[in-house]
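Asker: Kindly generate the corresponding structure for this input.
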Amino acid sequence: MTGRAIRIEVSQLPPAAASPNSRAHWAKRYRENKTYAEAVFFEACEAKFNSVDPGHLFVPFKRPVVQLTFVFRTRKRRDEDNLRAGFKAGQDALVLAGIFL
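Answerer: Got it, this is the predicted structure:
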């Protein structure tokens, strides 16, 4: 383990339509996942740019350990498995941004 870390904060939660238990129409699910993936992509690109010294290249993580933290305004109980599954579009955006291999 090299000890490298990068912190990416996204100001929105995964869309409700991305949940495996959602009964949303496929077109709505696609639109909401795309919007969320774009938000994650841009935050990841900014974090990647800010994490390297000038004149150096960012080296993608080969075997990343992802720690997700979801922050809510209310104390309503939520299913953690559905939240993690809803982050699939965000994880794909991290790969597209070059954070992961």
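Asker: D53 - that's part of a helix, no?
Answerer: No - using DSSP: H, G, I helix; E, B strand; the rest coil, the assignment for D53 is coil, not a helix.
Asker: Around it, count how many other residues there are.
Answerer: 6 (other C-beta atoms under 10 Å). (C-beta placed from N, C-alpha, C; glycine too.)
Asker: Can you pull the phi/psi pair for it?
Answerer: Note on D53: its backbone torsions stand at phi -80, psi 150 [degrees, to the nearest 10].
Asker: And the pLDDT for it?
Answerer: At D53, the model reports a pLDDT of 82.
Asker: swap in L96?
Answerer: For L96, the model assigns a pLDDT of 96.
Asker: Now do the lowest-mean-pLDDT helix or strand in the chain: distance to the chain's middle.
Answerer: Among the helical and strand segments of the chain, the one scoring lowest on mean pLDDT, DSSP states H and E is helix 80-86, with a mean of 89. Taking the mean of its C-alpha atoms, helix 80-86 sits 12 Å from the chain's own mean (C-alpha atoms, centre = their mean, to the nearest Å).
Asker: Toward the C-terminus, what is the element adjacent to it?
Answerer: Later in the chain than helix 80-86, the nearest helix or strand by DSSP states H and E is helix 88-96.
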